[in-house]
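Visitor: Sequence first, then the predicted structure, then my questions.
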Amino acid sequence: QLQLVESGGGLVQPGGSLRLSCAASGNAFSLNAMGWYRQAPGKQRELVAMIARGGTTKYGDSVKGRFTISRDNAKNTIWLQMDSLKVEDTAVYYCNAAPLDDADLAYPFTEFGSWGQGTQVTVSS
């Protein structure tokens, strides 16, 4: 089991940018795909982005072209660069680690694995 700690959330105006980070503790970091989910009030949690240990990425349709996920296995950390933010991006963002390989990201997968405590992102003018 990994321990995940998110940071970087906050309040930003529409069109602005934020960068989230997630630091993992535990020896299994390099064996996991890492990523971000989000949950807005009254809505189901949805995939934002996922990155496997080999660098393969998967993005939710609503963030493609605006968000970029990256990871550094040596630092046990992943980042989510969020640009061109919209009001509808407002949500609690959760870091996730799941035992998925690069090839697994080509297929649908359900939510499972380890979770962080969440960080609030609010996009508002």
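Guide: The structure has been received and is ready for your questions.
Visitor: going forward, measure contacts and count neighbours with C-alpha atoms only.
Guide: OK.
Visitor: So which residues of this protein form strands?
Guide: Applying DSSP state E to the chain gives strands spanning 3-7, 10-12, 18-25, 33-39, 46-51, 57-59, 67-72, 77-82, 91-98, 114-115, 119-123.
Visitor: buried ones in the second one?
Guide: Translated: strand 10-12. Residues residue 12 are the ones in strand 10-12 that count as buried (16 or more other C-alpha atoms under 10 Å).
Visitor: Repeat that for the fifth one.
Guide: Of the residues in strand 46-51, those scored as buried under the neighbour-count criterion (16+ other C-alpha under 10 Å) are 47-51.
Visitor: for it, packing partners?
Guide: With contacts defined as 3 or more C-alpha pairs under 8 Å, 6 or more residues apart in numbering; DSSP states H and E, strand 46-51 has these neighbours: strand 33-39, strand 57-59, strand 67-72.
Visitor: Can you say which of those strands is packed in most?
Guide: Ranked by mean neighbour count, these are led by strand 33-39 with a mean of 24 (mean count of other C-alpha atoms under 10 Å).
Visitor: partners of it in the sheet?
Guide: Pairing partners of strand 33-39, with direction, according to DSSP bridges: strand 46-51 (antiparallel), strand 91-98 (antiparallel).
Visitor: Could you point out which residue ranges in this structure have low pLDDT?
Guide: Residue ranges of the chain with pLDDT under 70: 29-30.
Visitor: Not including adjacent chain positions, what is the nearest residue to the most centrally placed residue in the chain?
Guide: Against the mean C-alpha coordinate of the chain, by C-alpha atoms, centre = their mean, the closest residue is residue 36 at 1.9 Å. Leaving aside its chain neighbours, residue 36 sits nearest to residue 95 (4.7 Å; criterion: C-alpha to C-alpha, 6 or more residues apart in numbering).
Visitor: The nearest residue to residue 39 once chain neighbours are set aside and residue 76: what is the separation?
Guide: The shortest distance from residue 39 to any non-neighbouring residue, by C-alpha to C-alpha, 6+ apart, is to residue 45 (4.3 Å). To residue 76, residue 45 is 24 Å away according to C-alpha to C-alpha, to the nearest Å.
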